[in-house]
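Q: Sequence plus the predicted model coming up.
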Amino acid sequence: MTSVITGDIIHSQKVEPEIWLTVLKTELNEIGENPINWDIFRGDSFQLEISDPLEALRTAIKIKASLKAIKEIDVRMAIGIGEKSHHSNTITESNGSAFVYSGEQFEQLKKERQNLAISSPWTNFNRDMNLILKLSLIIMDNWSINSAVMVKIAMENPDKSQKELGELIGIKQNSVSNRLKRAYFDELIEITNLYQTKLKELL
């Protein structure tokens, strides 16, 4: 089993491409190599394979936080979980149910004007997680730049204290605490933990 994220940048034309492209490529390069594990196509669309499906949701939230830290930019992503039946040196030429689930869910997201959802072979898992994600998007879609930056840094440094996180960007511990609370960071981590727990039972 593997997982595939298909996504595109929302409002990409409002910002110089180099700005959000640099951020997106940095995030994708942390996960794998281009073009085997990820690729950017049609200007502002991308596809990414995450070989451990347990990490897919956490990765998607981190990508969203990184891009929401840019004024006016957001991202739409569909996570597909399934098999990889055809391996290619280019991700866009690879295939399997994970790719199909991701692509079909992505098209559905565009129709529903929703920014994050999951598709897998397990109907109940999809239903439960997508309801939770729909509610969590009320928070994530409305992150301020400060909140998005704070979420990104906290996810990149899970072992650091709030004081240490503050030192990384030059703010006090109480400011870190307030920003994480406004971003509902603890609740989002609970959601990623729930996702992993439910998925482990199915894999």
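A: That came through, no problem.

Q: Tell me the helix or strand right after the longest helix along the chain.
A: Using DSSP state H, we find that the single longest helix of the chain is helix 123-140. Past helix 123-140, further along toward the C-terminus, the next helix or strand under DSSP states H and E is helix 145-156.

Q: Dump that following helix to PDB, keeping only the CA atoms.
A: This file holds the C-alpha atoms of helix 145-156, laid out as PDB (Å, rounded to 0.1, in the frame of the first residue of the first chain):
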ATOM      1  CA  ILE A 145      -0.200  33.900   8.200                       C
ATOM      2  CA  ASN A 146       1.100  33.900  11.700                       C
ATOM      3  CA  SER A 147      -0.900  30.800  12.600                       C
ATOM      4  CA  ALA A 148       0.300  29.000   9.500                       C
ATOM      5  CA  VAL A 149       3.900  29.800  10.100                       C
ATOM      6  CA  MET A 150       3.600  28.600  13.700                       C
ATOM      7  CA  VAL A 151       1.900  25.400  12.700                       C
ATOM      8  CA  LYS A 152       4.700  24.700  10.100                       C
ATOM      9  CA  ILE A 153       7.400  25.300  12.700                       C
ATOM     10  CA  ALA A 154       5.700  23.200  15.400                       C
ATOM     11  CA  MET A 155       5.300  20.300  13.000                       C
ATOM     12  CA  GLU A 156       8.900  20.600  11.900                       C
END
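
Q: Return the list of helices and strands in contact with that helix.
A: Contacts defined by 3 or more CB pairs under 8 Å, 6 or more residues apart in numbering; DSSP states H and E place helix 145-156 against helix 56-68, helix 162-169, helix 173-182, helix 185-200. For the C-beta atoms, the positions are set from N, CA and C on the backbone; glycine is no exception.

Q: tell me the contacts of residue 36?
A: Applying CB atoms under 8 Å, 6 or more residues apart in numbering, we find residue 36 in contact with 89-91.

Q: ok so, going back, looking at the helices and strands packed on helix 145-156, which one is packed in the most?
A: Looking across these with neighbours counted as mean count of other CB atoms under 10 Å, the highest average goes to helix 56-68: a mean of 24.

Q: Just the angle for that one relative to helix 145-156, thanks.
A: Calculated by axes from the mean of the first three to the mean of the last three CA atoms, to 10 degrees, helix 56-68 forms an angle of 140 degrees with helix 145-156.

Q: Give me the sheet partners of the helix or strand just after helix 56-68 and which way each runs.
A: Counting by DSSP H and E, the element after helix 56-68 in chain order, helix or strand, is strand 74-82. Sheet pairing here is set by DSSP bridges, and for strand 74-82 it gives strand 2-10 (antiparallel), strand 116-119 (parallel).

Q: and strand 74-82, how far from the chain's centre?
A: Relative to the chain's own centre, strand 74-82 is displaced by 7 Å; criterion: CA atoms, centre = their mean, to the nearest Å.
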